[in-house]
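Undergrad: Show me the folded form of this:
(one chain, ligands or ions: 1)
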Amino acid sequence: MTIQERFYDVYTAFPGRIPHVEGVKTWAEFLAEKNGVDADQMAQAAYLHDLTKYEPDGWHHALFDKSGVPAWKALPPFMYHGYSASLIAAEYELDQVFIDAVKHHTTGRANMQTAEKILMLADKIEPSRPYPEAATLRDLATHDLEAAFKAMLHHLYGFDQTHGRLNAYNYETYAFYIPERVAE
Ligand SMILES: [Fe+2]
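TA: Residues are numbered from 1 along each chain as shown. Next up is the predicted model:
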């Protein structure tokens with residue numbers, strides 16, 4: 001089964017979320033081509049990124065135990081799906097950077113590679129995202145990936161702050177890429 005087939009197999013149960021993932025795939029592919037990243041592998045990473053998002057916590061825990069990474073059970077649960085999907089990604093012939101992109105797409109991290117930035121950004125700006133800044137970020141992303149990535153982090157930092165979602169993982173990303181904002 002290809003990654004795309006596996007995605008559609010799982011998502012027949014969640015048809016309302018297919019446009020989101022297809023939007024991420026389209027934008028991730030487009031930004032990969034523009035920025036010298038393998039667009040085919042980027043598309044595969046997009047199909048994988050939310051593959052396990054609707055599995056219960058116990059399912060993730062069992063996978064982490066079975067895969068020899070029980071410490072991942074201590075992650076904030078909203079991050080489980082990126083980590084579990086990265087274990088599935090490792091079953092396919094993907095370069096490590098695309099596996100890392102899947103793993104870190106929810107919060108990012110310090111020192112991200114271009115493919116990691118592209119997946120995280122595409123996830124937040126694909127056209128079915130309803131918030132008004134998404135359109136501005138898409139415009140910016142078409143000509144300046146780095147600027148769009150930082151502008152997205154500014155937006156997310158505000159959201160995470162007001163919604164009590166700051167944690168050690170996303171804080172690392174903000175402190176690395178937008179230290180001036182974190183110091184405010
Ligand atoms: Fe997503």
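Undergrad: can you count the residues close to Gln96?
TA: When counting by other C-beta atoms under 10 Å, one arrives at 11 neighbours for Gln96. Bear in mind the C-beta positions are built from the backbone N, C-alpha and C, glycine included.
Undergrad: actually Gly58, not the one I typed
TA: 8.
Undergrad: Look up how far Asp65 lies from it.
TA: Separation of Gly58 from Asp65 (C-beta to C-beta, to the nearest Å): 10 Å.
Undergrad: In the chain, what residue spans correspond to strands?
TA: Ranges of strands in the chain, per DSSP state E: none exist.
Undergrad: quick one: the helices in it?
TA: 3-11, 18-34, 39-49, 57-66, 80-89, 96-103, 114-125, 133-143, 145-162, 168-177, 179-182 (DSSP state H).
Undergrad: Determine whether any part of the fifth one lies close to the ion.
TA: What it means is helix 80-89. No - Helix 80-89 lies out of reach of the ion by C-beta under 5 Å from the ion, never closer than 8.8 Å.
Undergrad: That helix vs helix 3-11, what angle?
TA: Counting by axes from the mean of the first three to the mean of the last three C-alpha atoms, to 10 degrees, helix 80-89 lies at 140 degrees to helix 3-11.
Undergrad: wait, what's in contact with the closest residue to Tyr80 other than its chain neighbours?
TA: Once flanking residues are discounted, Tyr80 sits nearest to His60: 4.1 Å by C-beta to C-beta, 6 or more residues apart in numbering. Contact analysis of His60 by C-beta atoms under 8 Å, 6 or more residues apart in numbering lists Thr52, Trp72, Lys73, Pro77, Tyr80, His81, Tyr83, Ser84.
Undergrad: Sounds good, over and out.
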